[in-house]
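Chemist: Show me the folded form of this:
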Amino acid sequence: MQDNGTKQAEVRTEFPPVIGAALSRVDGPVKTTGRAQYAADFSFPGMVYAVPVTATIANGKIRSMDTSAAEKMPGVLAVLHHDNIGPLFRIAPGSHSTISEQRPPFEDDVISYWGQFVALAVAKTLQQAQAAAAAVRLTYDAEKPNVATDLSDTDATPRNVESTRGDVGTAFRGAPVQLNETYVTPTEVHNPMEMHATTAVWDGTQFTLYESSQGVVNHLNVMAQVLGVPKDNIRVISRFIGSGFGGKLFPWPHSAMAAAASRKVGRPVKLMVDRKMMFSCVGHRPRTQQQMRLGATSDGKLVSLEQHYRNHTSLLDRYKENCGEATPFLYSTPNLTVTSAQVRRTLGTPTPMRGPGAVPGLFAVESAMDELAIKLKMDPVELRLKNDTLMDESNGKPFSSRHLKECLQVGAEKFGWLKRTAEVGSMRRGDTVLGWGVAAASWGAFRGGCQATVTLKDDGTASVRSASQDPGTGTYTVVAQIVSDKTGLPVEKIEVLLGDTNFVPGATSGGSTLTATVMPAVADAANGAVQMVLAMATRPGGAFAGKKPEDLVMNGGSVHLKANRASGVPFADILRAAKVSYASADGRSGGLGSDTKARDYSTHSFGAQFVEVEWQPKIAQLRVSRVVTVMDAGRIINMKTGTNQIAGAVVMGIGMALLEQAIYDPRNGHPINDNFADYLVATNADVPAIDVHFLGIPDPMMGEYGARGIGEIGMAGVAPAITAAVYHATGVRVRELPVRIEDLLQSTIV
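Modeler: The predicted model follows:
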């Protein structure tokens, strides 16, 4: 770790093999054998099905709704709408709960986006509910929607200054080398394998909601307010989640609709959002438009950096895509300004999507840096190294651990960057033109509050419980690894139970925070349970009677004297001798803000993306052929799940750069490509060899293990590295994603 001139916190340097190992997922067997139950897999006696009716306009009001035919259809129990769904409420300001849409379902007759839920058909079978939903007749007083892609509206929200220092105007005007360009990222849609679903059970006093949620505790808090019941009367369960990418962070209207329907008909209700609805009713990454102005000396030192970004939001909610998240501290410059604004559109409310803010923001920043390097006739890696810094110049704090320089250097070596020739179209493999590009990556390192319970049992096993959840990223496995580290038990003897609000409160799985948040709580709980066992061992009649607990240690599932670890007593024997069935303790972790040492540092992860593209001009074919990614993300707890996280994020970055874009019909606001035939995502055929490397340097401010979250940073920087490589191969600078073949037909490279 670099010397920041201040004393660093203690961090463990030696661990048993379980920490950092490439362990397979402990939940893998139940998933691959089909035993894992997702939200839509639960069935109960008397269960019925609910299918939403969605609006076919994007702006206007409902003039009339005729449900009479639908209500008379076989098996139909109810058609719910504004007049009969019962009371649904908004969440209170300052309640520390987050909901995706502030407006409860069916609150009024106003339509704000195509696909908005306007009614709900409830029937005995799914097919009957689908038929009833199709039979509901609506007429509208429609107004012209606004889904314009240009975000230069004069009616945008007032420009907000996110970060500023120095005098950017004067510095830019006096800079020998200047760049002033605008970069655009399109609307992208979350499309996890598992679509959103709720199975709601109302027993007359208690709601049990089986959800696909990345935050069961927040989900409970929100639903209590929306449904108007005490929190003690709701239980939320999300045992397994088929990924979410941020789209399942906060509750969407369908959850309250399913719960209200169960309360109304007095039966369990299952509501599944279909794939078409996924394109309109459960959020998206908003379109961004970002002006970048960079000024530099002739030898490549930045003297000014400006980023003025806008993103679209909905008519009813204000969502900010924090594109300037990394800009103020990524590079050293004395003069900087970042501003933001939102532009309202008749579209659904946006929501966080993997790497919210930083991923589209870095597309603009890193694309501008590549263009600046070309203006300077400087190697793009060299330009970034020249402007590296160990101080967060936005707040004057040193970084707790920043190794962007090493990421660039290691990546250049692994990629073979020294073989790059700078001229456009100068690198070839037969008839194929090669393009090489590079970009930096960054994502914040966060830690929140969390609790966990660890229980050591008299059968020699352990269990962990927390109302956190695993969205498919490997949380079950990491939690088992921490208990294994603390007790010496093999992970197969550790049961991990997550995703249930009946457990002690856990954290939300978002912002790459959960691993860093849950580990200290689990470690604290495990330490507490172990101390209970050690205390029992030293009592009269115990295996170590007459000794003090501090003389003992547990490893390998047995208790030993610290001075003699050659032999020990299994902790199960100690529990049985004490006539105790288990030793259990609760643990907790606090956010970085509660750590007085951490508050003095700026905590972030960094990385570098190196990309090769192949361009075949004779047939106008472009593909990404190779990616080398190097991450400075603290200690890696599980090399296998960690590598998979980064590789999966790179695949999403390829989709962002080359394929993904939601397109809306300007006549009615309908997402035209609301299916997998027309909305393109990266598939196996699009994925090249991805070479993932971790520096593995622990961050002393992130707790005992020095680990930072890695879910998002792997996507950061991928798109600008690809467009830089595209320029290097074709001479075409693409500033609006995705890269299109029609863009590349302008290339003069043959």
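
Chemist: what about the nearest residue to His81 once chain neighbours are set aside, is that helix, strand or coil?
Modeler: Excluding its sequence neighbours, the residue lying closest to His81 (Cβ to Cβ, 6 or more residues apart in numbering) is Ala119, at 4.3 Å. For the C-beta atoms, the positions are set from N, CA and C on the backbone; glycine is no exception. Classification of Ala119 by DSSP: H, G, I helix; E, B strand; the rest coil places it in strand.

Chemist: mind checking pLDDT for Ala119?
Modeler: Here the pLDDT value assigned to Ala119 is 98.

Chemist: from memory it sits against Met65, does it?
Modeler: Yes. Counting by Cβ atoms under 8 Å, Met65 is a contact partner of Ala119 at 6.6 Å.

Chemist: neighbour-wise, which of the two wins?
Modeler: Taking other Cβ atoms under 10 Å, Ala119 and Met65 do not tie; Ala119 has more neighbours (26 against 18).

Chemist: So what pairs up with the more buried one in the strands?
Modeler: Beta-bridge partners recorded for Ala119 (DSSP bridges): Val53.

Chemist: Let me see the contact set for it.
Modeler: Pro52, Val53, Met65, Thr67, Val79, Leu80, His81, Phe106, Ala133, Val136 (Cβ atoms under 8 Å, 6 or more residues apart in numbering).

Chemist: try 6 Å this time
Modeler: Val53, Val79, His81, Val136 (Cβ atoms under 6 Å, 6 or more residues apart in numbering).

Chemist: residues in contact with stretch 503-513?
Modeler: 214-215, 217-218, 249, 446, 448, 450-451, 453, 465-469, 471, 514, 517, 586, 709, 711-712.

Chemist: in the protein, which helix has the most residues?
Modeler: In terms of residue count, the longest helix belonging to the chain (DSSP state H) is helix 514-537.

Chemist: any idea of the mean pLDDT in that one?
Modeler: Rounded mean pLDDT across helix 514-537 is 97.

Chemist: pLDDT weak spots in this protein?
Modeler: Applying pLDDT under 70 to the chain flags the ranges 1-10.

Chemist: ok, now with 90
Modeler: Applying pLDDT under 90 to the chain flags the ranges 1-16, 153-155, 563-567, 592-598.

Chemist: Quote the end-to-end distance of stretch 321-333.
Modeler: Separation of the first and last residues of stretch 321-333 by Cα to Cα, to the nearest Å is 24 Å.

Chemist: hmm, who's touching that stretch?
Modeler: Counting by Cβ under 6 Å, 6+ apart, 162-163, 286, 288, 290, 302, 305, 307, 309, 311, 338, 357-358, 360-361, 365, 387, 389, 392, 394, 442 sit against stretch 321-333.

Chemist: re earlier: just how off-centre is the longest helix of the chain within its chain?
Modeler: 27 Å (Cα atoms, centre = their mean, to the nearest Å).

Chemist: for the stretch 501-650 of the chain, what spans make up the strands?
Modeler: Assigned by DSSP state E, counting those that start in this stretch, the strands in the stretch 501-650 of the chain fall at 552-555, 558-561, 564-570, 582-589, 604-616, 621-632.

Chemist: so the third one versus helix 514-537, what angle?
Modeler: It refers to strand 564-570. For strand 564-570 against helix 514-537, the angle by axes from the mean of the first three to the mean of the last three Cα atoms, to 10 degrees is 90 degrees.

Chemist: Glu614 reaches Arg623, doesn't it?
Modeler: Yes. If you go by Cβ atoms under 6 Å, Glu614 and Arg623 touch, sitting 5.4 Å apart.

Chemist: buried residues in the helix or strand containing Gly411?
Modeler: Using DSSP states H and E, Gly411 maps to helix 404-415. For helix 404-415, a neighbour-count test (16 or more other Cβ atoms under 10 Å) marks Leu404, Lys405, Glu406, Cys407, Leu408, Gln409, Val410, Gly411, Ala412, Phe415 as buried.
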